[in-house]
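Visitor: Sequence and predicted structure below; questions after.
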Amino acid sequence: MTPALFLAPTEALAADRVELDGPEGHHAADVRRLRVGEAVWVADGRGLVVRGVVVAVARGRLTVEVHEREQAPAASPRFVVVQATAKGGRDVDAVESMTEVGADEFVGWQAERSVARWSDRAEARWEAAAREAAKQARRAWVPDVTGPASTADVEERIRAAALAVVLHEAATTPLTTVAVPSSGEVVVVVGPEGGLTDAEVDELTAAGGVACRIGSNVLRTSTAGVVALAVLGAGVDRFIGS
């Protein structure tokens, strides 16, 4: 089994022994109940990973002796998901699952039909979901979270992208036919529960987005982006753990 991964500040990973305390130490020592001699990975969420062995455990704290360090490069292409806010925590579910699949950044979008509104609390929930999912997937990089974005902001992001895909159930272009570039940003736009308005589709495609359908079924906002990333990632060998 792959060793558990925990997160710590970059400066903490410079030492020969890394001390995990606070929430991460509690998780490692009290929840996971790691013991002396077990292998552990610790990352800073920005690509640096140290691999080592637990040499001391106390309540809410453990010490890892570092055996190896690695700086994982940033992903290429970089997958940016513009996720419309959604009620009932479906947007948080989407962030969690898409982090495991390989998303590199999430942009919270207040779409016209979004019921849930962006807030500091929503941002914190997205960040926590991305952080915990990155640990679960053993990712060296934790996705960035930004927001709120207006439709005009999304249009600007689309114009700057190497590829931008706008998921829409009425589109005629199958997502499986889209060629994925090997570098740059790949932007995936996911609408809210009520779907995108015709005006939003027109504006986003006018900015350079390609309206695509995933298949014959209409997916929830919490699953559409997950499937889209899996399809697009398959074209450039970007899957879990990237």
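Guide: Received it, and whenever you're ready, just let me know what you need.
Visitor: residues in contact with the spatially most central residue of the chain?
Guide: Here the mean C-alpha position of the chain is nearest to the C-alpha of residue 99 (Cα atoms, centre = their mean), at a distance of 3.1 Å. Residues in contact with residue 99 (Cβ atoms under 8 Å, 6 or more residues apart in numbering) are 129-130, 133-134, 137, 139, 142-143. Yep, even glycine has a C-beta here, placed from its N, CA and C like the rest.
Visitor: Provide the backbone phi and psi angles at it.
Guide: With angles defined as degrees, to the nearest 10, residue 99 shows backbone torsions of phi -60, psi -40.
Visitor: now residue 75
Guide: Taking degrees, to the nearest 10 as the convention, residue 75 sits at phi -70, psi 150.
Visitor: okay, it: pLDDT?
Guide: Residue 75 carries a pLDDT score of 93 in this model.
Visitor: which one of the contacts of residue 99 sits closest to residue 178?
Guide: For those, the minimum distance to residue 178 (Cβ to Cβ) is 21.7 Å, reached by residue 143.
Visitor: can you pull out the helices in the chain?
Guide: Taking DSSP state H as the criterion, the chain contains helices spanning 22-26, 90-101, 120-136, 151-160, 198-206, 221-234.
Visitor: Pick the most buried one from those.
Guide: A comparison of these by mean neighbour count, using mean count of other Cβ atoms under 10 Å, puts helix 90-101 on top with a mean of 23.
Visitor: Would you mind getting the angle between that helix and helix 221-234?
Guide: If you take axes from the mean of the first three to the mean of the last three Cα atoms, to 10 degrees, helix 90-101 sits at 20 degrees to helix 221-234.
Visitor: how far off helix 120-136 does helix 90-101 point, in degrees?
Guide: 30 degrees.
Visitor: Can you dump the C-alpha atoms of helix 90-101 in CSV for me?
Guide: Output of helix 90-101 as CSV, limited to C-alpha atoms (Å, rounded to 0.1, in the frame of the first residue of the first chain):
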residue,chain,number,x,y,z
ARG,A,90,-22.6,19.6,-4.7
ASP,A,91,-19.9,22.1,-5.7
VAL,A,92,-17.8,20.9,-2.8
ASP,A,93,-18.4,17.3,-3.9
ALA,A,94,-17.2,18.3,-7.4
VAL,A,95,-14.0,19.9,-6.0
GLU,A,96,-13.2,16.8,-4.0
SER,A,97,-13.7,14.3,-6.9
MET,A,98,-12.0,16.5,-9.5
THR,A,99,-9.0,16.9,-7.3
GLU,A,100,-8.6,13.2,-7.1
VAL,A,101,-8.9,13.0,-10.9
